[in-house]
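Undergrad: Provided below are the primary sequence and the corresponding predicted coordinates.
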Amino acid sequence: MQLYNLLLFIITLIGGSVPLWFKGINDRKMHLLLAFSGSFLLSIVFLHLLHETFEELHTAAGIYLLTGFFLQLVIQRFTHGIEHGHAHVESNDHGHHHHVPLTSILIGLGVHAFMEGLPLGFNYLQTSTEPSLYLAVAAHKLPEIMLASTLVYSLKGKKAALVTLVIFSLLTPLGSMVASEVSQKYYAISRIRAVVIPIVAGSFIHIATTIFFESGTRHHSLTWQKIIAIALGVGIGLLTLYIE
């Protein structure tokens, strides 16, 4: 687990720094990356997390999935959609953002980043679930942190963007370590894991589906490039079933 957390931190840190040094990441490339990460994340939820949560909670799992789905709506109120690739912030005719609630966005993203680390700190029935979940979270965090660092850079400069990048790269591994430590030391709290997993899974379903419907190409059309990106995400998700 420690190795996975270290790799997740490195991937997030390096990926989020790309827009600060290179200007070749345009909207089309970002949409393709979002399509891949969204389909991969959704695949891991359907192929791994749902099996784990219904195995333990049975029909009650649906209640917690719905809770997580709508909880993400509340978080989105603060993040303005950055976690699924679209910031709902106003801009003037010249494309400059004004009245951007940066503090609200960063707090919301911080809560989201920590929350998505929680299921990474638990033990699962299938050995393939944990590494698969780490891969999915890493794929999801790349476009998320790239957009966040770009926004902070445009408003506060490169130094602030780098500080933000380091903090957010740490939050998800921190959530994983806290969940692991607490669940091992306190049996009563360890029982909460059965509830946390479907709540986070519901949140992931909201994020992934929103990526498809809102962060796609103009007029929500499907290009061949986007279809390939989605198929690649699903394909790699299916391959995780064979991880041992």
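TA: Yes, it's here.

Undergrad: okay, the residue nearest the centre of the chain: pLDDT?
TA: Centroid-nearest residue in the chain: residue 140, 4.2 Å away (criterion: Cα atoms, centre = their mean). With respect to pLDDT, residue 140 scores 85.

Undergrad: buried ones in the helix or strand harbouring it?
TA: Secondary structure assigned from DSSP states H and E places residue 140 in helix 129-156. Applying a neighbour-count criterion of 16 or more other Cβ atoms under 10 Å, one finds 129-130, 132-153 buried in helix 129-156. No exception for glycine: its C-beta is placed from N, CA and C like everyone else's.

Undergrad: same thing with stretch 39-50?
TA: Those would be 39-45, 47-50, for stretch 39-50 by 16+ other Cβ under 10 Å.

Undergrad: residue contacts, the closest residue to residue 66 other than its chain neighbours?
TA: Leaving aside its sequence neighbours, residue 66 sits nearest to residue 202 (Cβ to Cβ, 6 or more residues apart in numbering; 6.3 Å). When contacts are counted by Cβ atoms under 8 Å, 6 or more residues apart in numbering, residue 202 touches 64-72.

Undergrad: what about the residue nearest to residue 122 when sequence neighbours are not counted, how many residues nearby?
TA: In space, and not counting its chain neighbours, residue 122 is closest to residue 193: 4.7 Å by Cβ to Cβ, 6+ apart. Residue 193 is flanked by 20 other residues according to other Cβ atoms under 10 Å.

Undergrad: residue 161 versus residue 193, what's the distance?
TA: 34 Å (Cβ to Cβ, to the nearest Å).

Undergrad: what's around residue 22, how many residues?
TA: 8.

Undergrad: what's around the closest residue to residue 135 other than its chain neighbours, how many residues?
TA: In this structure, residue 135 finds its nearest non-sequential neighbour in residue 240, 6.8 Å apart by Cβ to Cβ, 6+ apart. Residue 240 has 19 neighbours, counted by other Cβ under 10 Å.

Undergrad: spit out the contact partners of residue 240.
TA: Contacts of residue 240 by Cβ under 8 Å, 6+ apart are 43-44, 47-48, 128, 131-132, 135.

Undergrad: next one: residue 143
TA: Contacts of residue 143 by Cβ under 8 Å, 6+ apart are 30, 33-34, 37, 85.

Undergrad: now do residue 204
TA: By Cβ under 8 Å, 6+ apart, the neighbours of residue 204 are 41-42, 44-45, 49, 68, 116, 136, 140.
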